[in-house]
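Peer 1: after the sequence you'll find the predicted model.
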Amino acid sequence: MDSGHLGGDGRDRGMSEDSFNILLATDIHLGFAERDPIRGNDSFITFKEILDIGLREEVDFILLGGDLFHENKPSRQCLQKCMDILRQYVFGPKPIEFEFLSDPEEIFKTAAVKTVNYEDENLNIGMPIFSIHGNHDDPAGLGQFCSLDLLSTAALVNYFGKIESLKEIHVRPLLFRKGEISLALFGLSAIKDDRLHRLFSESKVTFMRPQEDKESWFNLLVLHQNRVAHGPKNHIPESFLPKFMNLVFWGHEHECLVKEEYNQLQDFYVSQPGSSVATSLVPGEMKQKAVGILRLHKNKVFEIEEVPLKTVRPLIIGNLSVTGLSEDTSEEEISDLIAEEINNLIEMSKNKVTGHPDQPTLPLVRLNIEYELESQMISTTLFGRRFQDLVANPSDILKFKKVLPGKQSKEGILDADALEDAFQNASLNERVESLVEDYFKNSEKPLHLLSERGLSEAVRLFTDKEDKDALEKIVEIQMKKTMDYLKKNSTYIEEGSFDDLKSNTDAFLEQFKCERKEKKKDEEDIAELKKELETPKRHRGARTVQDDNEEDDDVNFVPTSAARAKLRGRGRGRGETKTRSPKGKARGGGRVTAPVIELEDDVRIEDVDMDETIPPSPPPGRGGRSVGAKRGRTTQSSIKEALSRQSSLPRSSGTTQRRGYNYEDSD
């Protein structure tokens with residue numbers, strides 16, 4: 001990558017006159033807790049501040065990384081507030097000083113208005129906003145529209161990066177030019193992480209690059225996916241992304257990490273601005289909220305300036321343990337102890353008050369309390385009333401977490417902390433096998449004879465395929481290999497006393513576990529497990545159900561006509577397209593024509609360990625009676641008659657034709 005990076009505060013004044021300035025913000029979650037009389041307006045206050053920053057910094061445009069709205073179907077009140085705020089900042093006399101070079105018919109093919117809003121002769125746009133959708137405000141229902149489609153039709157937002165097909169994804173960039181700076185903006189809106197992970201693994205994600213002066217473009221990718229691993233496939237590794245990117249703007253993660261991080265293996269930078277409102281009371285949300293100002297210069301040199309947000313409600317989180325209190329401690333004494341800690345947290349929250357006139361100063365406070373005995377708990381509702389006018393969240397100010405008493409700790413019981421952490425870090429669509437693997441990786445009681453990966457896959461087969469033998473088989477396979485390894489080294493293990501024997505065995509088990517990971521033996525065990533389970537001689541009672549990771553497209557997904565058509569290998573321009581003059585002084589008739597840049601395919605799948613993929617199962621056929629069948633009472637004689645007719649029928653050859661699909665009959 002030939003791009004450069006400026007350190008410091010990003011204020012190289014000698015280059016500022018010839019810079020492309022973009023405000024980066026994401027996860028604004030408009031409408032979050034809007035029914036709360038105290039917190040209902042928080043997201044709108046901070047959204048207005050973000051637009052104020054864009055106006056003050058005179059950015060060329062604002063780029064949003066998804067989740068503008070908290071709900072998939074925001075309330076009419078939420079939409080009205082959002083549109084009113086946007087109207088105040090988007091429209092204005094400020095000239096647009098950059099050109100749009102892409103073919104708008106290709107970029108906005110799913111939109112009602114197939115052009116960027118500032119090129120509409122009927123409008124006067126002063127500060128353009130570009131946005132992808134997130135997992136909270138994604139398309140759904142008839143026509144696959146979302147709230148951003150409404151804002152796009154109203155010319156308030158330029159909505160791009162919409163996924164047209166869930167079978168194969170083609171990402172076309174928005175091409176901009178300002179003076180000597182060329183920007184290719186790639187947008188990848190949110191889809192399920194496991195589905196996108198599979199598409200990347202199957203080389204079905206294609207990024208299109210401009211053919212003209214390919215290396216002169218600054219490549220910026222904005223996406224909205226899990227960056228932190230919540231399971232084997234419930235995130236998108238940075239190694240999946242194209243190496244020709246210069247900067248990746250990561251949405252969805254709420255922790256604020258605006259300052260760019262360099263990925264040495266991929267040779268690009270990553271910026272994660274995080275959310276602008278706390279939607280959960282966790283430590284990651286407690287960090288200072290901020291947005292970024294991306295400043296692009298000639299020769300792909302750039303820097304990101306972090307701009308703190310000053311209207312965010314203060315959030316403070318503390319921890320307290322009452323496990324040491326005796327059983328005789330009264331509820332009143334416990335309540336007073338907790339109240340003292342809450343008062344300390346409220347005092348600490350005053351350090352987060354910025355003095356901004358619009359900042360809500362009533363803090364969000366959360367105290368996590370560890371306890372052993374039920375007598376050490378108190379009523380959170382009654383306790384919260386003591387702080388009704390002192391905190392913004394009196395009803396959920398306390399969170400109790402039970403820990404195992406020391407006298408009850410025994411070998412073999414579950415690690416309660418690791419188990420709770422696994423569930424707390426889990427997303428709503430977390431799969432059970434991911435929880436199993438996360439638990440054993442973080443537990444103080446790890447697996448010794450089995451592997452986390454093998455057990456996780458067996459759990460997946462048990463839950464997805466209803467295969468009752470999966471867990472038993474993986475234990476047999478891995479126990480046999482462990483015993484073979486110990487027998488092979490029995491000469492060294494059996495030396496010395498009984499204590500030495502136990503110590504030597506433990507050491508060789510740990511050594512065997514390390515060797516398994518280094519040589520990727522888990523995958524061999526999984527392949528052997530699948531082969532065992534697919535053996536025709538096994539008569540299993542479980543029926544085969546479709547793998548969730550290989551499911552058909554969402555039932556609500558209605559592909560567009562463009563998506564149904566055969567995708568072309570190359571994107572072709574459709575002639576000249578009208579754009580604004582680089583100086584942007586004239587509106588309406590004073591426009592210039594900019595050349596349309598032809599695109600070429602650039603598929604990025606290299607140096608990636610591909611998981612063994614399973615072809616998707618055909619959708620199940622529809623059951624029930626035939627159309628003309630009559631409904632009658634079921635009697636014992638009718639059942640016997642039906643069974644006798646069934647036994648006299650010839651046996652199927654093994655392959656049954658149902659509704660145009662070929663099905664293999666299960667044993």
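Peer 2: Great, that's in hand.
Peer 1: got the phi/psi numbers for the nearest residue to E532 once chain neighbours are set aside?
Peer 2: Using C-beta to C-beta, 6 or more residues apart in numbering and skipping the chain neighbours, the partner closest in space to E532 is K473 (5.2 Å). To be clear about C-beta, it is placed using only N, CA and C from the backbone, and glycine gets the same treatment. Per-residue torsions, K473: phi -70, psi -40 (degrees, to the nearest 10).
Peer 1: if I look at K473, how far off is S434?
Peer 2: Look at K473 and S434: by C-beta to C-beta, to the nearest Å, they are 21 Å apart.
Peer 1: neighbour-wise, which of the two wins?
Peer 2: Legend: neighbour count by other C-beta atoms under 10 Å for K473 and S434, higher for S434 (23 against 20).
Peer 1: so for the helix or strand hosting that one, what's the average pLDDT?
Peer 2: Using DSSP states H and E, S434 sits within helix 432-442. When pLDDT is averaged along helix 432-442, the result is 68.
Peer 1: same question, stretch 203-218
Peer 2: For stretch 203-218, mean pLDDT is 92.
Peer 1: name the element M208 belongs to?
Peer 2: strand 205-210.
Peer 1: no wait, E49
Peer 2: helix 42-56.
Peer 1: ok so, going back, so the residue nearest to E532 sits against L455, correct?
Peer 2: No: shown here, K473 and L455 do not form a contact pair, counting by C-beta atoms under 8 Å, at 11.5 Å.
Peer 1: which residues does I62 contact?
Peer 2: If you count contacts by C-beta atoms under 8 Å, 6 or more residues apart in numbering, I62 has them with 22-23, 25, 50-51, 54, 127-130.
Peer 1: tell me which element it falls in.
Peer 2: Using DSSP H and E, I62 falls in strand 61-64.
Peer 1: in its sheet, what does that strand sit against?
Peer 2: strand 20-25 (parallel), strand 129-131 (parallel) (DSSP bridges).
Peer 1: what about it, average pLDDT?
Peer 2: On average, strand 61-64 scores 98.
Peer 1: skip ahead from that strand and say which helix or strand is next.
Peer 2: Once the chain leaves strand 61-64, the next helix or strand it forms, by DSSP H and E, is helix 76-90.
Peer 1: what comes up buried for that following helix?
Peer 2: By 16 or more other C-beta atoms under 10 Å, the buried positions in helix 76-90 come out as 78-79, 81-83, 85-86, 89-90.
Peer 1: among those residues, which one lies nearest to N135?
Peer 2: Lowest distance from N135 to those (C-beta to C-beta) belongs to C78, with 17.4 Å.
Peer 1: ends of stretch 461-477, what's the gap?
Peer 2: Taking C-alpha to C-alpha, to the nearest Å, stretch 461-477 runs 15 Å from one end to the other.
Peer 1: next, the buried residues of it.
Peer 2: Using 16+ other C-beta under 10 Å as the test for burial, stretch 461-477 gives 461-462, 464-465, 467, 469-471, 473-474, 477.
Peer 1: coming back round to it: show me what the strand holding M208 is packed up against.
Peer 2: Applying 3 or more C-beta pairs under 8 Å, 6 or more residues apart in numbering; DSSP states H and E, one finds that strand 205-210 makes contact with strand 169-171, strand 181-188, strand 217-224, strand 599-603.
Peer 1: would a markdown table of those with distance to K310 and mean neighbour count be doable?
Peer 2: As requested, the helices and strands packed on strand 205-210 are exported to a markdown table (distance: least, C-beta to C-beta, whole Å; neighbours: other C-beta atoms under 10 Å):
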| stretch | distance to K310 | mean neighbour count |
| --- | --- | --- |
| strand 169-171 | 35 | 19 |
| strand 181-188 | 28 | 24 |
| strand 217-224 | 25 | 25 |
| strand 599-603 | 41 | 15 |
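Peer 1: how about those in a markdown table, adding distance to H70?
Peer 2: Formatted as a markdown table, the helices and strands packed on strand 205-210 follow (distance: least, C-beta to C-beta, whole Å):
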| stretch | distance to H70 |
| --- | --- |
| strand 169-171 | 26 |
| strand 181-188 | 21 |
| strand 217-224 | 14 |
| strand 599-603 | 35 |
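Peer 1: good, we can wrap up now.
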